[in-house]
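> need a structure here:
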Amino acid sequence: MAVHESSSVAGPRGPLPLEIFRNESTEPLPAVIVIHDIFGMTTDVRSQAAWLADNGFLAVVPDFFAWSSRIVCIQSAMRDLQRNSGRLFDAVEAVRSMLNTRRDCTGRIGVIGFCFGGSFALLLAPREGYHAVNANYGMLPKHYESFFTGSCPILALYGRKDRSLRGAAAKLDGSLARADVPHTVIEYPEAGHGFLNDHDRSEHPLIFAVIGSLLPAGFHEPSAVDARPKIVKFLHDCLDASPDQSD
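Next up, the predicted model:
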């Protein structure tokens, strides 16, 4: 059973709220920064973090949409993703730096992201200080053909029925192979967008509920059941190395 605490870290616009999950082990654990989707801090993203904690990780969920209204935060975050810089990146760097000071963290840090968070996770892969990235249905960066040189290992998962990201899996796979980045890209044939996220629909703003009803999107249990052990294995393979081991 995951142990949960609420905390915060100094961010670019004041305190950044965090939800932190770990198991009951007294040993330091590898950390995973869990980046939420466009819905922000929800029951689902907390469940994702608790699942990671139950599987041996220190899972930290920053609330990147806490500093203003949802629409203002989304607009600001999308601008930051487009330019690959800004307060969103400053905030995640604050979280990464905080993890490196915690006695219950080994110093090995990975990232998992969903949708918006998957796009963000891909942008973090070439940056210093990350040892693994699991990007789920993330949009490709601009200039993705040359973007990933020097990246940490990447596991990327997509749904073939996701019309918004048609062809993204093949493009990413080719780009990572050319950059010689250790990677696995999987496209689940029966899944759409958001297939790992089992959201409570009462937490969806109306506009997103309407859009979701028009697209092949949402939780797809068979694909999720297959994906979860692959994610856990990938993260442990990358993060369980000792801190003094070369990357």
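
> Residue 171: what's it in contact with?
With contact set as CB atoms under 8 Å, 6 or more residues apart in numbering, residue 171 has these partners: 140, 144. (C-beta placed from N, C-alpha, C; glycine too.)

> ok, it to residue 217 distance?
Using CB to CB, to the nearest Å, residue 171 is found at 20 Å from residue 217.

> what does residue 81 give?
Relative to residue 217, and taking CB to CB, residue 81 is found at 20 Å.

> cool, and residue 39?
Taken as CB to CB, the span from residue 39 to residue 217 is 12 Å.

> now residue 200
Counting by CB to CB - residue 200 and residue 217 are separated by 15 Å.

> and what of residue 182?
Distance of residue 182 to residue 217, given as CB to CB: 29 Å.

> what do you get for residue 24?
Distance from residue 24 to residue 217, by CB to CB: 36 Å.

> Settle it for me: which of those two has more neighbours?
residue 217 (23 against 8; other CB atoms under 10 Å).

> quick one, what contacts the more buried one?
162, 192, 193, 194.

> Now with 10 Å, please.
115, 137, 159, 161-164, 191-195, 197, 208, 211 (CB atoms under 10 Å, 6 or more residues apart in numbering).

> One more: residue 110?
30-34, 52, 57, 59, 121, 124, 130-134, 152-153, 155, 234-236, 238-239.

> May I have the beta-bridge partners of the nearest residue to residue 194 once chain neighbours are set aside?
Nearest non-adjacent residue to residue 194, counting by CB to CB, 6 or more residues apart in numbering: residue 217, 5.0 Å away. Beta-bridge partners recorded for residue 217 (DSSP bridges): residue 193.
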